[in-house]
Each structure stands twice: as structure tokens, then as C-alpha cells.
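Here is my input, please return the structure:
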Amino acid sequence: MKIGVLALQGAVSEHLDMLGRVGAEGTAVKKTEQLADLDGVIIPGGESTTIGKLMRTFGFMEALRQFSAEGKPIFGTCAGAIIIADEIANQEEAHLGLMRMRVARNAFGRQRESFEADLKIKGMDEPFRAVFIRAPIIESVGEGVEVLAEINGQIVAARQGHLLACSFHPELTDDPRLHALFADMVKSSQSTNAAQQLS
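As a prediction, this is how the structure comes out:
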């Protein structure tokens, strides 16, 4: 199982460390050609406008849309969640437009308003200590999107089939459970794709 971390901006090495902890082979992705060898992709935090511009410059928009169309999982964290959303508040155009949700950038404030919180995440027995840095909020979700976590009534994690999104930075904690969830999604998609090829 090989999972890439889009390496245009953001906490790439921390995600790669987490992937190693959950038994996946992680690789930094800088060229679209690398996607052909991958079973899943993480789009990390950073600055969503900058990441979006770089993705357009290097051809990642269509390449990742095709990757998703093949049923391969994508996990967007913080700015990555904005990148995969199909609607962004106060912005005319989405980036990848994959996941049926509306997000608001920097909804928790700027850098100085960064904070940590214990979240109850669906399917996890123990709270998850989440790190929020200039975090977006998932304002609303569409059909087929499962809300996984909220804070003060606001959505901060969700899943739509092979797509996973969270407002916070799971790679900046010592808790690998969200990366383990994504690895399980990748395993499941591998099985589904293998079965389709055999049928």
C-alpha cells in the first residue's frame, strides 16, 4: 500500500512519519506522473490559495480529479479540506470540487487563535486531541457525506465514500488513528478495484 503526500507546501514529513506508523509506504509527491503508482493521496495543510495555484501550475487539478474518479482515496487536512471541497465561502470557484461540502477559510481565526481540543470522532472510543491552526470550518455537507466530528456544533471532520476531510492537523499529534482510518479506506478501495478488474 503506497500513499502519497502532495509535497507542494505544508507538513509533508509529519504525514509521512504517520503513514509509516500505520504500516503504509509514504512518498512525497511533486510530479503528476507519481500518481500512477499510488493507492491514496493526502493533501496537507498550508495556504489553500497558494496550494491551489501550485496545483494548477503543475497539472495536479485534472490529475487528482482523475485519481478520485478511479475510486482512489484522498484525505484533505486543514487547507487540504478546502482544496477538495466543492464550495468555498466568499470564493467564486472551488479547487478540485470533489467533496460535497461548503467550507469557510480561517473560520477559527488567524495564527494567534490556534488551539487544541479533544474531539469525539465517530468510530473512535477515546477522544482525539486535535490541533487547529488557522483552521477552516465545514459549514455544511451534502448528500452522502457523513459527519465524523464537531466542535461547538461546527463540523470539523467528514467523509464521503473514498474522500476524507478534517479542519485540523492530525499529523501534528502523537495519535495515528486518523491516518489509520485513511489507510483502511485505501485497503478497502484496493479490494474493490481488484474485484472490479476480475469481474
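
rest of the way, CA atoms for contacts and neighbours
OK.

pLDDT at the spatially most central residue of the chain, what is it?
Nearest residue to the geometric centre of the chain (CA atoms, centre = their mean): G76, 1.4 Å. We have a pLDDT of 97 for G76.

Adjacent strands (with direction) for the helix or strand where it lies?
Using DSSP states H and E, G76 sits in strand 74-77. For strand 74-77, the pairing partners within the sheet under DSSP bridges are strand 40-43 (parallel), strand 163-166 (parallel).

I'd like the average pLDDT over the first one.
It stands for strand 40-43. 98.

and if you look at stretch 149-156?
95.

So for stretch 79-95, what gets flagged as buried?
79-88, 94-95 (16 or more other CA atoms under 10 Å).

now stretch 121-130
Using 16+ other CA under 10 Å, the residues of stretch 121-130 that count as buried are 121, 128-130.

Relative to S114, which of these is nearest.
Distance ranking of these against S114, using CA to CA, places A130 first at 10.8 Å.

Strand partners (parallel or antiparallel) of the particular helix or strand that has that closest one in it?
With secondary structure defined by DSSP H and E, A130 is part of strand 128-132. Paired neighbours of strand 128-132 in the sheet (DSSP bridges): strand 115-119 (antiparallel).

Tell me, how many residues neighbour A157?
Counted with other CA atoms under 10 Å, the burial measure for A157 works out to 25 neighbours.

Pairing-wise in the sheet, spell out the partners of it.
Taking DSSP bridges as the rule, A157 bridges to A149, C166.

how near is it to T192?
24 Å (CA to CA, to the nearest Å).

and what of E126?
Using CA to CA, which is the criterion applied here, E126 is 30 Å from T192.

The longest helix along the chain to strand 128-132, inter-axis angle?
When secondary structure is assigned using DSSP state H, the longest helix within the chain turns out to be helix 177-198. Relative orientation of helix 177-198 versus strand 128-132 (axes from the mean of the first three to the mean of the last three CA atoms, to 10 degrees): 100 degrees.

Does R159 touch E146 like I think?
Yes: between R159 and E146 there is a contact at 5.2 Å, judged by CA atoms under 8 Å.

neighbour-wise, which of these two wins?
When neighbours are counted by other CA under 10 Å, R159 and E146 differ, and R159 comes out ahead with 19 against 15.

Just to be sure, that one is in a strand?
Yes: R159 forms part of a strand when assessed by DSSP: H, G, I helix; E, B strand; the rest coil.

Mind pulling the model confidence for it?
Here the pLDDT value assigned to R159 is 98.

Tell me who's in contact with it.
With contacts defined as CA atoms under 8 Å, 6 or more residues apart in numbering, R159 is in contact with 145-148, 165.

so which of those is the most crowded?
Taking other CA under 10 Å to define a neighbour, the member of these with the most is A165, carrying 29 neighbours.

For the lowest-mean-pLDDT helix or strand in the chain, give me every contacting residue.
Within the chain, judged by mean pLDDT, DSSP states H and E, the helix or strand with the poorest mean is helix 177-198; its value is a mean of 85. By CA under 8 Å, 6+ apart, the list of residues contacting helix 177-198 from outside reads 1, 18-19, 22, 24, 39-40, 71-73, 75, 162, 164, 170.
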